[in-house]
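**Student:** whatever this is, show me its structure:
(2 chains)
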Amino acid sequence: MNVAVKTPKTATDRKPAPEVMLDIKNITLSFGGVHAIKDVSFNIHMGEIRAIIGPNGAGKTSMLNVINGFYHPQVGEITFKGETRAAMRPYVAATQGIARTFQNVALFKGMSTLDNIMSGRTLKMHKNFFWQMLRYGPAMAEEVEHRERVEEIIDFLEIQHIRRTPVGRLPYGLQKRVELARALAMEPELLLLDEPMAGMNLEEKEDMSRFILDVNDQFGTTIALIEHDMGVVMDLSTRIVVLDHGEKIADGTPDEVSSNQDVIDAYLGVAH
Amino acid sequence: MAAGARQASAYDTIPKLLLRNAKQFAERPAMREKYLGIWQATSWAGTLQEVRSLALGLTELGLKRGDKVAVVGDNRPRLYWAICAVQSLGGIPVPVYQDSVAEEMGYVLDHAGVKFAIVENQEQVDKLLEIRETYKGLKDIIFDEVRGLQNYNVKGVRSYDSVQELGRDNNGSEQTWADEVGKGSPDDTAIILYTSGTTGRPKGVILTQGACVWAAETAAKFDKLNENEEVIAYLPMAWVGDHVFSYAQSYYSGYCVNCPERPETVIDDRREIGTTYVFAPPRVYENLITRTMVSMEDASAIKKKMFEYFIGVARDHGEDILNGKPVAFMGRLKYWLGNLLVYGPLKNRYGLSKVRVGYTAGEAIGPEIFKYYRSLGINLKQLYGQTEAAVYITGQPDGEIYPDTVGTPMDGVEIKIADSGEVMYRSPGIFTEYYKNKASTADTRTKDGWVHSGDAGFIDENGHLKIIDRAKDVGRLKDGTLFPPKYIENKLKFFPNIKEAVAFGHGRDSVTAFINIDLTSVGSWAERNNVIYASYQELAAHPDVYNMIEAHVDAVNRELSQEERVAGAQISRFLILHKELDPDDGEITRTAKVRRSLVMERYAVLIDALYDKKKSRQKIKTEVTFEDGRRGVIEGDVEIRDMKLHAIDKMSFKEAAE
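**Tutor:** Just a heads-up that it's a prediction; the model follows:
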């Protein structure tokens, strides 16, 4: 019974022939003499939940920054939806359907939850500033349309009760949820989550896990996430890539990765 | 309304009332719920269609007269419709507390012999699937919210929409359904409500259609309710109060029931709707005051002064103005000004601006809290009711409000006080029996229809009923002094800083107490005083918090010392528990009543320490259950405080008696 219930949660079961959404080839990123990422290649399939794990300083966040165009790698290329590029700006990444959340929450603290999420729609608003200032005619119609989409997300993430609350007054777990909501408001094809569960208690982690699975399930959004809680990673992800000191040391399903000796060594340390 | 009363004989069941409402109130709103942040109403005519298609769909699935159907979830229109749909076919709905863990829920489903379950969402479906592994009687699980359930390919799990679809496809069956409704009689079982039970397993209280309609009719007449009322449904559907107030009365009077967007948004929703008729346990009113006091602490000096001054004015004149008594011109003027500046905005904040009648029930309310609302001009009244009575036993009639009594018997209710001091009642609303529990039924209901309330009380000189305590809880100290635990606990709980209290003393030489602090109220105090804490446990153990609670306990002792019957029952020692009493651990019921015997068992070590005068601290380990059913252990080292008792002034009692 339980098995029957749980199987649909992994995306691969539904998609026998995975289509590659993002392909990363031989990426090397260095800051001065420090190599943050050394010759790393992996790909992300359409519709999967892909985890990037590794000890502190392994280059996980740098990797996300490369994917959404914030860092420009010195070597290597990235193919997103069939289009190859060496570097791009975050703005372009956003217009192409990549959204992200941050390790330490990056919201507009003084603005309400609703306004923060509305800001995620900016790229999809087309009426110019003056129309919007008038709040009249076509600008109003546009606003109503976007508000509807935002309300759907509010409903989805169950944050109706904090709609009007300034984000700075919310507890951390809810701020993380608002950040996820803002990323979802962009209707991304690829969602990058940088430690979505950091600093949460057990209950909040369970809620967040459920939301991530539901986003993947309901919207078909492809997700790449960095997370330290191994229980969460093993339960959620379809495939896992493991980084250590900027290098890829393993790549595969949760089972493969958790039995990989290099991974165990990297996490537990080896006697030299 | 008048039509309803006149034709009561023809419309003697709830589903029949639905047929009437669909004609009489056709396009008037019956239920409202928010969709994407906007209120959407369903008319009575629409309600009829929703109920009918669901009922016909359930017929297709094989629902027969007498079959039990569990209803589990937050207050949603679709779940209320489900109750009516089941009743319309002669089935018996069994609403279950939505936050019960699978094991508790499993017991109720198994005991009731539930065949179908209509539930809100994935969370409940998961619980029921777990239950279905051991309880094989459960056939179909019907869910409302599709979210997260698209890929559940499990036999017998289907969506609410698909069941309604089955019903809609069934052409020409409208008449068959109307005939089924027509077959209903007032003697049919309308519902089985499982009482959360402060002792032992929950008992299934059977109420008939007749009892539910009687309750709705009595309430409607008592407070002149009509189809223009607006109420908000936010209390558990498995509680008799919600069943009568948000369901039976709505169908009888034809008024609109609004479902909050989420449990957390109730206060805002209430304000948006402008409810006219309110029903809430004291805790809700206490929380509102706590929130007001907390935000007043942060307000500017002018606002604070204004608030204090006009609350003072309200205290002096508000109650009299509400009761229609003569008040001097200056008093009226000041009150009018206060209403403009303070009471009006406050009532608006509370969402109580339009309230005609508000009730508090379920527990005793603090006299201060009660007077506060009345002084603001809110017609808050007390009610005494039980599941076994389809709620209504006594209520306070307008103009006859005494904070320490629960009013006079409602129309059709007879009351007598047994020799033991226990309150007994008889009415058309009483339950038929506890489902599959003959022994308990015989203990509670006499052959000639009198019900033991289990509460000790008396009727005062005005003919109003006064409740003292649970009859079986009233004990005596070793020296014979009367010890009413709940009476003492309620006095403690009237302080906003104290959320819960448990008093001990039966068969001992003195009274002692456990205290739970209120995290909202004490937390806000901590913030203002720069007290840093990481958890409930840490805050509860803070010496300043102890001092504050000590002052409250002392105040209670002073009050007790002035009352002859309980003067000897002052609290000699107390402690603040290292964890909150939690329904998930079974320590309090889902309706927040303390399970005394269980608490005594779990915290036996602490009670022993309370009575060991040499001990001033005690270590304890407690197993706790998390919301997902996992278990953990909380360890604590709890401080115990001694209290100075107040001298009992025997003389003054004599004078008072003379």
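
**Student:** got the contact list for residue 124?
**Tutor:** Chain wasn't specified; assuming chain A. Taking CB atoms under 8 Å, 6 or more residues apart in numbering or on different chains as the contact definition, residue A:124 lies against A:146, A:186-187. Backbone N, C-alpha and C define where each C-beta goes, glycine included.

**Student:** let's do chain B instead
**Tutor:** Shown in contact with residue B:124 (CB under 8 Å, 6+ apart): B:72-73, B:98, B:117, B:143.

**Student:** low-confidence ranges, chain A, go.
**Tutor:** Along chain A, the parts satisfying pLDDT under 70 run over A:1-17, A:86-87, A:127, A:268-272.

**Student:** need the nearest residue in space to the residue nearest to the spatial centre of it, chain neighbours excluded.
**Tutor:** The geometric centre of chain A, computed from its C-alpha atoms, lies nearest to residue A:192 (CA atoms, centre = their mean), at 1.8 Å. In space, not counting the residues next to it along the chain, residue A:192 is nearest to residue A:100; the distance is 3.8 Å by CB to CB, 6 or more residues apart in numbering or on different chains.

**Student:** which SS class is that neighbour?
**Tutor:** When classified by DSSP: H, G, I helix; E, B strand; the rest coil, residue A:100 comes out as strand.

**Student:** ok, residue 167 - how many residues close by?
**Tutor:** Let's take chain A. By the other CB atoms under 10 Å in any protein chain shown criterion, the neighbourhood of residue A:167 contains 23 residues.

**Student:** actually it's chain B I care about, not the one you picked
**Tutor:** Look at residue B:167: counted by other CB under 10 Å, it has 24 neighbours.

**Student:** and if you look at residue B:636?
**Tutor:** One way to gauge burial is a neighbour count; for residue B:636, by other CB under 10 Å, it gives 18.

**Student:** in what helix or strand does it lie?
**Tutor:** strand B:631-642 (DSSP states H and E).

**Student:** and that strand, which strands flank it?
**Tutor:** Using DSSP bridges, the neighbouring strands of strand B:631-642 in the sheet come out as strand B:571-576 (antiparallel), strand B:617-625 (antiparallel).

**Student:** any idea which of those is most buried?
**Tutor:** Per-residue neighbour counts averaged over each of the strands paired with strand B:631-642 give the maximum for strand B:571-576, namely a mean of 24 (mean count of other CB atoms under 10 Å in any protein chain shown).

**Student:** between the contacts of residue B:124, which is nearest residue A:240?
**Tutor:** The nearest member of the contacts of residue B:124 to residue A:240, counting by CB to CB, is residue B:143 at 32.5 Å.

**Student:** show me what contacts that closest one?
**Tutor:** With the criterion set at CB under 8 Å, 6+ apart, residue B:143 makes contact with B:118-122, B:124-125, B:149, B:157-160.

**Student:** just among the residues you listed, which is most surrounded?
**Tutor:** In terms of neighbours by other CB under 10 Å, the contacts of residue B:143 top out with residue B:118 at 28 neighbours.

**Student:** before we move on, back to that, roughly how far apart are the residue nearest to residue A:192 and residue B:29?
**Tutor:** The gap separating residue A:100 from residue B:29 is 44 Å, by CB to CB, to the nearest Å.

**Student:** what of residue B:292?
**Tutor:** Separation of residue B:292 from residue B:29 (CB to CB): 31 Å.

**Student:** these two - which one has more neighbours?
**Tutor:** Between residue B:292 and residue B:29, counted using other CB under 10 Å, the more crowded position is residue B:29 (21 against 16).

**Student:** the more buried one: what's it in contact with?
**Tutor:** When contacts are counted by CB under 8 Å, 6+ apart, residue B:29 is found next to B:41-44, B:256.

**Student:** residues touching the strand holding residue B:636, excluding its own?
**Tutor:** Residues from elsewhere that reach strand B:631-642, judged by CB under 8 Å, 6+ apart: B:537, B:541, B:546, B:550, B:553, B:572-579, B:606, B:609-610, B:615-626.

**Student:** show me what the mean pLDDT comes to for that strand.
**Tutor:** Confidence for strand B:631-642, expressed as mean pLDDT, is 88.

**Student:** what residues of stretch A:170-190 count as buried?
**Tutor:** Judged by neighbour count using 16 or more other CB atoms under 10 Å in any protein chain shown, the buried positions of stretch A:170-190 are A:170, A:173-190.

**Student:** ok, now stretch B:546-561?
**Tutor:** B:546, B:548-550, B:552-554, B:556-557, B:559-561.

**Student:** tell me the mean pLDDT for it?
**Tutor:** The predicted model gives stretch B:546-561 an average pLDDT of 93.

**Student:** can you report how many residues lie near the residue of the stretch 451-600 of chain B found nearest chain A?
**Tutor:** Closest contact between the stretch 451-600 of chain B and chain A, by CB to the nearest CB, is at residue B:535 (10.6 Å). The number of residues packed around residue B:535, counting by other CB under 10 Å, is 12.

**Student:** what does residue A:164 give?
**Tutor:** When counting by other CB under 10 Å, one arrives at 10 neighbours for residue A:164.

**Student:** could you pick out the residues of the stretch 201-350 of chain B near chain A for me?
**Tutor:** Residues of the stretch 201-350 of chain B found near chain A, taking CB under 8 Å from any CB of the partner chain as the criterion, are B:261-262, B:264-265, B:268.

**Student:** could you show which parts of the stretch 1-150 of chain B are in contact with chain A?
**Tutor:** Contact residues, the stretch 1-150 of chain B versus chain A (CB under 8 Å from any CB): B:34, B:36-37, B:126, B:129, B:132-133, B:147-148, B:150.

**Student:** great, nothing more from me.
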